[in-house]
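> Please work out how this folds:
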Amino acid sequence: MLSGFWDTLVKYFEKQPYWEAVQPFFLVLFGAGAAEVAAYEYVKAQYSLTEVPLFLGSYLSTRILVSAGAVLLLLLLFRFDPSRRGRPEPGRLMAFYRGHRTTILYRGLLTAIVAVASGFVFFTTSPTRLSHITIRLMDLPADVRSDGFTYLVYEMNRMQRQWYFDIDVRPLNPSTLTSAEYNACNPKGDDNAQPLLCYAERKAESQGPLIAITAKPLNNVYFATHRGTASVITTADAASVAPITNYEYLAYMTVLQSMLIHLDARGTRPIEAFAAGATRTTSASCSASR
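Residues are numbered from 1 along each chain as shown. I've put the predicted structure just below:
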């Protein structure tokens, strides 16, 4: 039924005097619509996304619309020919260029401007990549060697391009903090305070996004804690996820905390993703007790 309706619609437009002029625009719009549907079906099959408004706000949909808009704009602007000269003799390339030099320059300039504008929109709507995240080794458990973990991080860098991890093996010394910073990180009477996370946040201010690793337990938080551009991973609770090794555990937790830092940098982490009591200091896993 839809194909019959489509054929009737096309035949109607073909009889109209303006069809030849609007046909290129019609084809671009039709192609953009088909591309949007194809992209939505791909995302739906790949990621089980069914919300159309969410897809329309994605960078994939935006790129399709921007590309279609750029082509439509060029088609419209190319309708204007600033050249007033008659047609040169055919078969002569230089004669053709001299006769249409103004038009060629005009269209070339328009194409460059539209391409730059489209590229700018592509760049601003692309997913943000945090180029560097520092992994600070506060202290490691006895079964984890710093050189072994460094090699593991090297392999993680080689296998993906979303993040580049730097290793900092210098111990994080609280004595380097000022008295005001130390008191702020160790508030008296607060059993839920996270001094290690606070130390990591201070270092992240100068080093950029930072993930600290420690063997010490965290206050009322299991596995890891995160806030802003800083995270702290503890191996004190790793025994509860045996039989995986501490190397596997740290690799998994590093990727997980990198995702949280990435989402916070984009401002897209859903605040309801964690328990109400963990909005400021969130656990990397469930906040349920072991």
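> Give me the spatial nearest neighbour of Gly148, chain neighbours excluded.
Leaving aside its sequence neighbours, Gly148 sits nearest to Tyr247 (CB to CB, 6 or more residues apart in numbering; 6.8 Å). (Each C-beta comes from the backbone N, C-alpha and C, glycine too.)
> That neighbour against Thr150, yeah?
No. Assessed by CB atoms under 8 Å, Tyr247 is found out of contact with Thr150, at 11.3 Å.
> Against which helices or strands is the helix ranked longest in the chain packed?
The longest helix of the chain (DSSP state H) is helix 19-47. When contacts are defined as 3 or more CB pairs under 8 Å, 6 or more residues apart in numbering; DSSP states H and E, helix 19-47 packs onto helix 2-14, helix 52-56, helix 59-77.
> State the mean pLDDT of it.
For helix 19-47, mean pLDDT rounds to 83.
> the inter-axis angle of that helix versus helix 59-77?
With axes from the mean of the first three to the mean of the last three CA atoms, to 10 degrees applied, the angle from helix 19-47 to helix 59-77 works out at 170 degrees.
> And helix 19-47, what's buried?
Buried residues in helix 19-47, defined by neighbour count with 16 or more other CB atoms under 10 Å: 28, 32, 35-36, 39-40, 43.
> and which of those is nearest to Met156?
Nearest to Met156 out of those is Val43 (CB to CB; 26.5 Å).
> Contact partners for the closest one?
Taking CB atoms under 8 Å, 6 or more residues apart in numbering, we find Val43 in contact with 49, 55, 58, 60.
> Dump those to CSV, plus distance to Ser67.
Listed next are the contacts of Val43 as CSV, based on distance: CB to CB, whole Å:
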residue, distance to Ser67
Leu49, 21
Phe55, 16
Ser58, 14
Leu60, 11
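> What is the lowest-pLDDT residue among the residues you listed?
Leu49 (70).
> Would you confirm that that residue belongs to a strand?
No. Going by DSSP: H, G, I helix; E, B strand; the rest coil, the assignment for Leu49 is coil, not a strand.
> Could you verify my assumption that it touches Leu60?
No. Using CB under 8 Å as the test, Leu49 is too far from Leu60 to be in contact (10.5 Å).
> tell me the pLDDT at the closest residue to Asn246 other than its chain neighbours?
Sequence neighbours aside, Val144 is the residue nearest to Asn246 in space, at 4.9 Å (criterion: CB to CB, 6+ apart). As predicted, Val144 sits at a pLDDT of 86.
> residues contacting Val144?
Contacts of Val144 (CB under 8 Å, 6+ apart): 235, 246-247, 250.
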